[in-house]
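>>> Using only what follows, build the 3D model:
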Amino acid sequence: MKHLLACTALACATLCAALPAHAAPATLSDCRALADANARLACYDALPLPSSTAAATQPVAPAAPAAAPPPAQEPAGGWFGLSRPTAAEKEIASTVPGHFTGWHKGTVFKLANGQVWQATDDDSTYYEADDPKVTIKPGMLGAYLLTVEGLGISLHVRRLQ
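Now for the predicted structure:
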């Protein structure tokens, strides 16, 4: 029991001796050097404020809201495919005017609604049709899938216009 009391007294004496040295360090670097988070916070709180406290005590006026960007002109056929798909975007339906012969990577599809899409898949398909109906649906991870009526396959596309 004597040993426990002696250790406790020694620990208290050590802490009491260390407190004045770290109670109010003179610089930020002294506070930064403290390993204990609570001691470091107390150290920062004890630092004197800069001499220009008058400016700090005056209320700060809220910043003026930034001017909203001018609304962009909506492209032909709307914004579908020019931004990330939203939950509201289900699909669009249109036609490819004229004679259609299929696609390969890079094929550009000019739709009747004014939208322009490009094939991004590496595969190619040959299919002949006049004015085929197409649907474009949002896929996973921001992708869009184009399906030509009469074909059982889809291809990945990206919107150009």
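
>>> which residues of this protein fall in helices?
Listed from the start of the chain, the chain has helices (DSSP state H) covering 2-23, 28-32, 37-46, 53-57.

>>> Looking at the longest one now, give me its mean pLDDT.
Meaning helix 2-23. For helix 2-23, mean pLDDT rounds to 50.

>>> now do stretch 44-55
For stretch 44-55, mean pLDDT rounds to 70.

>>> hey, what's Ser154 bridged with?
Beta-bridge partners recorded for Ser154 (DSSP bridges): Thr147.

>>> Can you report how many residues lie near it?
16 (other Cβ atoms under 10 Å). Using the backbone N, CA and C atoms, a C-beta is placed for each residue, glycine as well.

>>> I'd like the distance between it and Ser94.
Here Ser154 is placed at a distance of 15 Å from Ser94 (Cβ to Cβ, to the nearest Å).

>>> now Val148
11 Å.

>>> what do those two both touch?
Here Val148 and Ser94 have Lys133, Val134 as joint contacts, going by Cβ atoms under 8 Å, 6 or more residues apart in numbering.

>>> what about these two, which has more around it?
Val148 (22 against 18).

>>> Let me see the contact set for the more buried one.
Val96, Phe100, Tyr127, Ala129, Pro132, Lys133, Val134 are the contacts of Val148 under Cβ under 8 Å, 6+ apart.

>>> and if we set it to 10 Å?
Shown in contact with Val148 (Cβ atoms under 10 Å, 6 or more residues apart in numbering): 95-96, 100, 102-103, 109, 125, 127, 129, 132-135, 154-155.
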